[in-house]
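Undergrad: Predicted model and sequence below, questions to follow.
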Amino acid sequence: MSGVWVFNKNGVMRLVENPYNQSGGDWSESSSSGGSQQQRMRRKILVHLPTSEVVSSYKSLERILKCLGWERYYNGDNADHLLQFHKRTSIDLISLPRDFSKFNSIHMYDVVVKNPNVFHVRDM
């Protein structure tokens with residue numbers, strides 16, 4: 001994961017994954033000409049490399065993960081807002097927001113790191 005850490009006006013730092021806007025490389029928010037930060041950044045997609053399938057739902061992701069040996073992990077405390085997967089052969093745990101619309105690049109990279117050479121994150 002790469003990007004630039006920037007300070008918001010309230011002093012909170014955040015990571016800007018694709019700091020260069022499409023107009024020519026200036027990444028400061030103050031010099032941008034309108035539009036939200038999300039509109040200036042490219043959207044990320046998770047791709048299953050062996051099939052070139054774009055993961056577009058948790059149903060498709062869960063199907064692929066099961067084939068790779070991952071199982072759903074039901075933890076009573078987080079069951080209402082997280083989907084979790086674990087492998088019996090490792091200590092890894094993949095935690096994802098239950099709402100797929102909140103599935104972002106941080107979660108995608110978590111899946112990629114725990115499944116090397118199987119998934120890839122790409123700009124849309």
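TA: Arrived safely. Residues are numbered from 1 along each chain as shown.
Undergrad: residue boundaries of the helices in the chain?
TA: Along the chain, the segments classed as helices by DSSP state H run 37-40, 58-67, 105-114.
Undergrad: In CSV, list the ones you listed along with mean pLDDT.
TA: Putting the helices of the chain into CSV (pLDDT from 0 to 100) gives the following:
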stretch, mean pLDDT
helix 37-40, 51
helix 58-67, 96
helix 105-114, 95
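Undergrad: Neighbours of the nearest residue to residue 86 once chain neighbours are set aside, how many?
TA: Nearest in space to residue 86, with sequence neighbours left out and distances taken as CB to CB, 6 or more residues apart in numbering, is residue 73 at 4.4 Å. In short, each C-beta sits where N, CA and C put it, glycine included. Per other CB atoms under 10 Å, the neighbour tally for residue 73 reads 16.
Undergrad: Isn't residue 73 up against residue 93?
TA: Yes. Counting by CB atoms under 8 Å, residue 73 touches residue 93, with 6.5 Å between them.
Undergrad: what's the distance between the residue most central in space within the chain and residue 17?
TA: In the chain, the residue lying closest to the centroid (CA atoms, centre = their mean) is residue 105, at 2.1 Å. Using CB to CB, to the nearest Å, residue 105 is found at 6 Å from residue 17.
Undergrad: again with residue 8
TA: Residue 8 is 16 Å from residue 17, where distance means CB to CB.
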